[in-house]
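S.K.: What would the 3D arrangement of this be:
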Amino acid sequence: MVHIDPERVARARAAAAIVAPLAPVIEASRRLPEEAIAALTSAGVWKLLVPKAYGGAEASASTLLAVIDEVARADGSAGWCVMIAATSGLMSAYLDDEVARAAYGDDGAITSGVFAPMGRAIREGDGYRVSGRWPFASGCEHAAWRMGGVLLDRGDDGGPDLLPSGAPHVRSVLFRAAETRVIDTWQTSGLRGTGSHDVEVNDVHVPASRCFSLFTPPSRHDAAIYRVPFFGVLAAGVAAVSLGIARASIDALVELARGKRGLGSKRSIAHRELVQLRVAQAEAKVRGARALLFDAIGELEARVAAGAEAKLRDRAVARLAASHAASESAAAVDLMYEAGGATSIYASHPLQRHFRDVHVATQHVMVSPTATTLAGRVLLGVESDTSTL
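M.R.: Just a heads-up that it's a prediction; the model follows:
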């Protein structure tokens, strides 16, 4: 059963109306302007998944997806930043109460994070000495706290700290923005406004209270959202951004088709059978993919809300739904880009931006063909590493 909070979605839609005209500014500046951040803060999107104890909404994953969809429809980069900040807000449930209140107590608390273990943490006193560099740190420039994945190391050339299984010990570390350095690397084809630069730390001492594992469900908070697998929520969020961009591309093509006339024709290209076919195909792709995504996430939420654990098969189907939504969204945008003809290539028309943005979103590892293959392995009963499902 899908539970979506209509008030949260309505607030996001109102903020999206402010964000939409800022799309050219967002792309040119490669970050969200203060006006967009203020509107999204007022809508409460950053703290959607933060516990109520810290002033968050404790919203359902389905509500999160609907909110991301709304914002991404206005601007893909803004939708992506909302996705990253909101899913990073889940970190609050893993942290000690004192740290969580410091990081998330403010109404405008924005965090960002990269879970990939690109850093090294060596035990030192009551914490860790951490160094590392993390690419793709979306929204880092407006985040007061930044997270990076690390491999624990025993130090003194003792080598990596291994789990009983023999696997590396992966943890996540939360840094204050002042403890990090942003390296301007984000010169990309799409989602340029996300400011997904590299973030670096060098020999920063971090207390143990700011080090946690995303592979173990949090135990301090009881809401269902904290029992839905973290990586499942992240993948679904990426998919929701793609769906919002795809919906925007259909909107843009329909508006274009109603006003654009073919060479020598008195009728708009909306009367062309091929354009009609492409719009219908794109609509079916987006609606079908969205329905599957919300159905799969809804099943996961219903199971954990009833007190049961998320079954491996349900987790696999949710990941399949996310990967499918990302690829179908890209296919829908491609259809709209093609139907727009030469108009689609002009920087002044939104279709070219939708085309670039959606194809950057599909490159995320959470919705890659590898993720789809993993889902297939689970459905076939083939033994696999399912730690990131």
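S.K.: so where's the chain uncertain?
M.R.: 1-2, 156-159, 162, 164-166 (pLDDT under 70).
S.K.: Do you have the helices of it handy? List them.
M.R.: Per DSSP state H, the chain carries helices over the ranges 6-19, 23-29, 34-42, 61-74, 76-88, 97-104, 230-259, 273-305, 312-339, 350-361, 369-380.
S.K.: Would you check how far apart Val45 and Leu32 are?
M.R.: Separation of Val45 from Leu32 (Cβ to Cβ, to the nearest Å): 12 Å. C-beta here means a position set from N, CA and C on the backbone, and glycine is covered the same way.
S.K.: returning to that earlier point: Val199: which of the helices of the chain is closest?
M.R.: Closest of those to Val199 is helix 76-88, at 12.5 Å (criterion: Cβ to Cβ).
S.K.: Measure how that closest one sits relative to helix 34-42, angle-wise.
M.R.: For helix 76-88 against helix 34-42, the angle by axes from the mean of the first three to the mean of the last three Cα atoms, to 10 degrees is 40 degrees.
S.K.: Begin at 57, not 1, for the rest of this chat.
M.R.: All right, first residue 57 from here; so that's helix 132-144.
S.K.: Run a quick neighbour tally on Asp351.
M.R.: The tally of other residues near Asp351 (other Cβ atoms under 10 Å) stands at 15.
S.K.: quick one on the thing from earlier: make a markdown table out of the helices of the chain and add distance to Arg248.
M.R.: Shown next, in a markdown table, are those (distance: least, Cβ to Cβ, whole Å):
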| stretch | distance to Arg248 |
| --- | --- |
| helix 62-75 | 15 |
| helix 79-85 | 5 |
| helix 90-98 | 14 |
| helix 117-130 | 14 |
| helix 132-144 | 7 |
| helix 153-160 | 28 |
| helix 286-315 | 13 |
| helix 329-361 | 23 |
| helix 368-395 | 16 |
| helix 406-417 | 8 |
| helix 425-436 | 25 |
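S.K.: okay, these, which one's buried deepest?
M.R.: Highest mean neighbour count among the helices of the chain (mean count of other Cβ atoms under 10 Å): helix 132-144, with a mean of 30.
S.K.: how about Ser148, what does it touch?
M.R.: 105-107, 110, 112, 156, 159-160 (Cβ atoms under 8 Å, 6 or more residues apart in numbering).
S.K.: In the residues you listed, find the pair that's most separated.
M.R.: The widest separation within those (Cβ to Cβ) is 13.5 Å, between Leu105 and Ala159.
S.K.: Would you map out the domains in the chain?
M.R.: Per automatic domain parsing, the structural domains of the chain span 62-149, 167-268, 284-436.
S.K.: Mind putting these into a markdown table with distance to Thr442?
M.R.: Below are the domains of the chain laid out as a markdown table (distance: least, Cβ to Cβ, whole Å):
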| stretch | distance to Thr442 |
| --- | --- |
| domain 62-149 | 19 |
| domain 167-268 | 13 |
| domain 284-436 | 6 |
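S.K.: Any idea which of these gets closest to Pro274?
M.R.: Closest to Pro274 of the domains of the chain, according to Cβ to Cβ: domain 62-149, at 4.1 Å.
S.K.: Okay, now that closest one: how far is its last residue from its first?
M.R.: 24 Å (Cα to Cα, to the nearest Å).
S.K.: so how far is it from its chain's centroid?
M.R.: For domain 62-149, the distance from its own C-alpha centre to the chain's C-alpha centre is 11 Å (Cα atoms, centre = their mean, to the nearest Å).
S.K.: do the same with stretch 234-249
M.R.: On Cα atoms, centre = their mean, the centre of stretch 234-249 falls 16 Å from that of its chain.
S.K.: same check, this time on stretch 337-349
M.R.: Remark: stretch 337-349 is offset 19 Å from the chain centroid, using Cα atoms, centre = their mean.
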